[in-house]
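Student: my questions concern the predicted model and sequence given below.
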Amino acid sequence: MSERKVRVRFAPSPTGPLHIGGVRTALFNYLFAKKHGGDFLLRIEDTDQTRYVPGAEDYIQEALAWCGISIDEGPKQGGPFAPYRQSERKALYLNYAEQLLQSGYAYYAFDTPEELDEARNTAESKGETFTYNALSRGQMKNSLSLPESAWKEMVSSTHYVVRFKMPDNLDVTEIDLIRGSVTFNTSLLDDKVLFKSDGMPTYHLANVVDDHLMDISHVIRGEEWLPSMPLHVLLYRAFGWEDTMPRFTHLPLILKPTGKGKLSKRDGDKLGFPVFPLLWRDSETGETSRGYREDGYFPDSFINMLALLGWNPGTEQEIFSMDELIHAFSLERVGKSGARFDPEKTKWFNHQYFVKKSDEELGALLLPFLADKGIHANPDMVAKVCGMVKERCNFVSEIWDQSYFLFAPPTSYDEKIVSKRWKDDVPAIMIEIAGFLETIEQWKAPTIKEPFSAFVTSKGWNFGTVMNSLRLCLVGGSFGPDIFEICEIIGKSETIFRIKKAISALNK
RNA sequence: GGUCUGUUCAUCUAAGGGUUAGGAUUCAAGAUUUUCAUUCUUGCCAUAGGGGUUCGAAUCCCCUACAGACUACCA
């Protein structure tokens, strides 16, 4: 058993864009597989045609690719267990349902949705919950309650479903790799539908059959699946597959940053952060949802953040490359309780990756951004600019906010700073400063700074006044890199031009 | 309602019977940067409550509270 090759699957249904909770599930599966030298498969669970959303499957593939989660076997990449799309495996499932029917672990049921609703409503009006199980199945329309001739006739003439015959009052105990032993009593469980009247299996049947057929060794999925674990275990037993049954692990949920409940799309809209890896445009409503990629997050930063949400290495290391994650990962170190999502920490992670990038890398990312604004600057100069301001940024887009004045003169002056710095004596001083700068030959930051400082001192001016006013002229506000660096970048004539421009613009 | 799972600073978490309960994010203060940001230092802040077991409990057990998931011919 312990020799078995690790094979895990990520099995989303293509009903919309992949949520970050789903990405994390995929990531943990991937890390676990790679840690043990195993395979990571993608299987599309599209057994519900009514919920099929065009583009969702492509989105899932693209999102995983962006994250650096590579798929060993899947619908696009193929593999020895193809097809990997359940709708394409449709023909298979009926045989397995019939196997259960023949061995007495399942039965035909003919209750219409209306009849089931009615049963639920009657129970509810009595303050009870209707459960299709050993106690009630005798009163329903199925192959256990009806005479054989009657139900056989119905099987051929009407729609039917196949239900699992849940044993009465049996304790089912199974080990969850992060929670330990979990026990359920079957008397509280219902006779789940395994095969729908439209000819498709339900999730329960399809996932067990496929996991078995695809030789899956570990099922790692969200906590919302924990209640259906006993059903799945019982299915493995019914099929006689218990000796190769995968080990189960249920991951804790990702919760809203504030308030209660699990993270939803709404929270992102409300609090202003993405809940999807990639931008998503709903083809029906035309509505778009932000994505981490488009918001300027780096995939490795995004993955790093996600990995630490619910898992920790037991050391104080926080920055991990994918390879380091693979090396350090273990299911035992995944927490049991839900983790509240923190958009602030996500930004912090991005900042860590941001400042680690070389000036040239950032420059290359900024270039197209500048081109959009009609600015075509020298790549060397752009790289230098990135180096000057990257400490103050979390995203590429913020480089522009911190450096636009290096590409063009300020178009406005921050009013607060003007009233604070632009005193009556300042214009006269600035005129003298401009005149002095005119005399400087060597236009480099250090060679400007030295004579400049001497000049200001000799005049007896307050250094802070001069510097802050000069910054206002060149930048339009009170921020940005070293003032002499700015002078060097924009050049001598531009520096003097901006001083004069500011004097006339601020002359009241 | 029922079943299952969970509960350590505001947030992510460490400490798998013995530490002044540690780190990170956020926030606040100070230093540096004659700007802003960075950086550095410091500070604030937690074992849900109650019972046991034990020489000793965040850790083991029970009860309560709270939270979440599930309870479809959806996954």
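Tutor: Nice, I can see it. Residues are numbered from 1 along each chain as shown, chains lettered A, B, ... in the order given.
Student: for stretch A:473-489, the distance to its chain's centre please.
Tutor: Stretch A:473-489 sits 38 Å away from the centroid of its parent chain (C-alpha atoms, centre = their mean, to the nearest Å).
Student: buried sites along that stretch?
Tutor: For stretch A:473-489, the buried set under the neighbour-count rule, 16 or more other C-beta atoms under 10 Å, comprises A:473-477, A:480-481, A:483-489. Every C-beta, even on glycine, is put in place using the N, C-alpha and C of the backbone.
Student: just stretch A:178-193 next, same as before
Tutor: Here stretch A:178-193 shows A:178, A:182, A:184, A:186, A:189-193 as buried, counting by 16+ other C-beta under 10 Å.
Student: what of stretch A:206-213?
Tutor: For stretch A:206-213, the buried set under the neighbour-count rule, 16+ other C-beta under 10 Å, comprises A:206-212.
Student: excluding covalently adjacent residues, which one is nearest to residue A:142?
Tutor: In space, and not counting its chain neighbours, residue A:142 is closest to residue A:109: 4.0 Å by C-beta to C-beta, 6 or more residues apart in numbering.
Student: let me see the contact set for the one you found.
Tutor: When contacts are counted by C-beta atoms under 8 Å, 6 or more residues apart in numbering, residue A:109 touches A:132, A:140-143, A:160-163, A:191, A:193.
Student: any quick PyMOL command for the buried ones out of the residues you listed?
Tutor: In PyMOL syntax, the buried subset of the contacts of residue A:109 is picked out as below (16+ other C-beta under 10 Å):
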select buried, chain A and resi 132+140+141+142+143+160+161+162+163+191+193
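Student: re earlier: need phi/psi at the residue nearest to residue A:142.
Tutor: Backbone dihedrals for residue A:109, given as degrees, to the nearest 10, come out at phi -130, psi 140.
Student: pLDDT score for residue A:1?
Tutor: Residue A:1 is assigned 48 on the pLDDT scale.
Student: and RNA strand B, is the helix or strand hosting residue A:380 touching that?
Tutor: Element membership of residue A:380, judged by DSSP states H and E, is helix A:379-389. No: against RNA strand B, helix A:379-389 shows no contacts by C-beta under 7 Å from any atom of the strand, the least distance being 7.9 Å.
Student: circling back: now, which of the buried residues of stretch A:473-489 lie close to RNA strand B?
Tutor: Near RNA strand B, by the rule C-beta under 7 Å from any atom of the strand, you find A:480-481, A:483 out of the buried residues of stretch A:473-489.
Student: follow-up on the earlier one: what subset of the buried residues of stretch A:178-193 is also close to RNA strand B?
Tutor: Residues of those in contact with RNA strand B (C-beta under 7 Å from any atom of the strand): A:182, A:184, A:190, A:193.
Student: quick check: the gap between the residue in the stretch 401-508 of chain A that RNA strand B sits nearest to and residue A:454.
Tutor: Closest approach between the stretch 401-508 of chain A and RNA strand B, counting by C-beta to the nearest atom of the strand: residue A:463, at 2.2 Å. Note on residue A:463: its distance to residue A:454, by C-beta to C-beta, to the nearest Å, is 12 Å.
Student: what about stretch A:403-423, how long is it end to end?
Tutor: End-to-end span of stretch A:403-423 (C-alpha to C-alpha, to the nearest Å): 26 Å.
Student: mind listing what's buried in it?
Tutor: For stretch A:403-423, a neighbour-count test (16+ other C-beta under 10 Å) marks A:403-407, A:409-410, A:413-414, A:417-418, A:421-422 as buried.
Student: adding secondary structure and distance to residue A:377, write those residues out as a markdown table.
Tutor: Compiled in a markdown table, these are given as follows (DSSP: H, G, I helix; E, B strand; the rest coil; distance: C-beta to C-beta, whole Å):
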| residue | secondary structure | distance to residue A:377 |
| --- | --- | --- |
| A:403 | helix | 10 |
| A:404 | helix | 12 |
| A:405 | helix | 13 |
| A:406 | helix | 9 |
| A:407 | coil | 6 |
| A:409 | coil | 15 |
| A:410 | coil | 17 |
| A:413 | coil | 24 |
| A:414 | coil | 24 |
| A:417 | helix | 26 |
| A:418 | helix | 28 |
| A:421 | helix | 29 |
| A:422 | coil | 30 |
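Student: those residues into a markdown table, with extra columns for pLDDT and distance to RNA strand B?
Tutor: Converted to a markdown table, the buried residues of stretch A:403-423 look like this (pLDDT from 0 to 100; distance: C-beta to the nearest atom of the strand, whole Å):
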| residue | pLDDT | distance to RNA strand B |
| --- | --- | --- |
| A:403 | 94 | 11 |
| A:404 | 94 | 13 |
| A:405 | 95 | 11 |
| A:406 | 95 | 13 |
| A:407 | 94 | 17 |
| A:409 | 93 | 17 |
| A:410 | 93 | 13 |
| A:413 | 93 | 13 |
| A:414 | 90 | 10 |
| A:417 | 89 | 8 |
| A:418 | 91 | 13 |
| A:421 | 88 | 9 |
| A:422 | 91 | 14 |
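Student: low-confidence ranges, the stretch 251-400 of chain A, go.
Tutor: For the stretch 251-400 of chain A, no stretch has pLDDT under 70.
Student: what does it have sitting close to RNA strand B?
Tutor: Contact residues, the stretch 251-400 of chain A versus RNA strand B (C-beta under 7 Å from any atom of the strand): A:252-253, A:255, A:260-262, A:308-310, A:312, A:314, A:316, A:318, A:333, A:335-340, A:342, A:344-345, A:348, A:355, A:391-392.
Student: just the ones of these in strands?
Tutor: Among these, the ones falling in strands (DSSP state E) are A:255, A:339-340.
Student: which of the residues you listed has the largest number of neighbours?
Tutor: Neighbour counts for those (other C-beta atoms under 10 Å) peak at residue A:255, which has 19 neighbours.
Student: hang on, it packs against residue A:263?
Tutor: Yes: the criterion here is C-beta atoms under 8 Å, and residue A:255 meets it with residue A:263 at 6.1 Å.
Student: any residues in contact with both of the two?
Tutor: Contact with both residue A:255 and residue A:263 is made by residues residue A:341, according to C-beta under 8 Å, 6+ apart.
Student: keeping just the C-alphas, turn stretch A:302-314 into PDB.
Tutor: What follows is stretch A:302-314 as a C-alpha-only set of coordinates in PDB (Å, rounded to 0.1, in the frame of the first residue of the first chain):
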ATOM      1  CA  PHE A 302      -0.100  34.800  -5.300                       C
ATOM      2  CA  ILE A 303       0.800  31.100  -4.900                       C
ATOM      3  CA  ASN A 304       3.000  31.900  -2.000                       C
ATOM      4  CA  MET A 305       0.200  33.700  -0.200                       C
ATOM      5  CA  LEU A 306      -2.300  30.900  -1.000                       C
ATOM      6  CA  ALA A 307       0.100  28.200   0.300                       C
ATOM      7  CA  LEU A 308       0.400  29.900   3.600                       C
ATOM      8  CA  LEU A 309      -3.400  30.100   3.900                       C
ATOM      9  CA  GLY A 310      -4.100  27.000   6.000                       C
ATOM     10  CA  TRP A 311      -0.600  25.500   5.700                       C
ATOM     11  CA  ASN A 312       2.600  26.500   7.500                       C
ATOM     12  CA  PRO A 313       6.100  25.000   7.400                       C
ATOM     13  CA  GLY A 314       6.600  25.000  11.100                       C
END
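Student: show me what counts as buried in that stretch.
Tutor: A:302-311, A:313.
Student: same check on stretch A:18-38?
Tutor: A:18-36, A:38.
Student: stretch A:124-143 too?
Tutor: Across stretch A:124-143, burial judged by 16+ other C-beta under 10 Å covers A:130-134, A:137, A:140-143.
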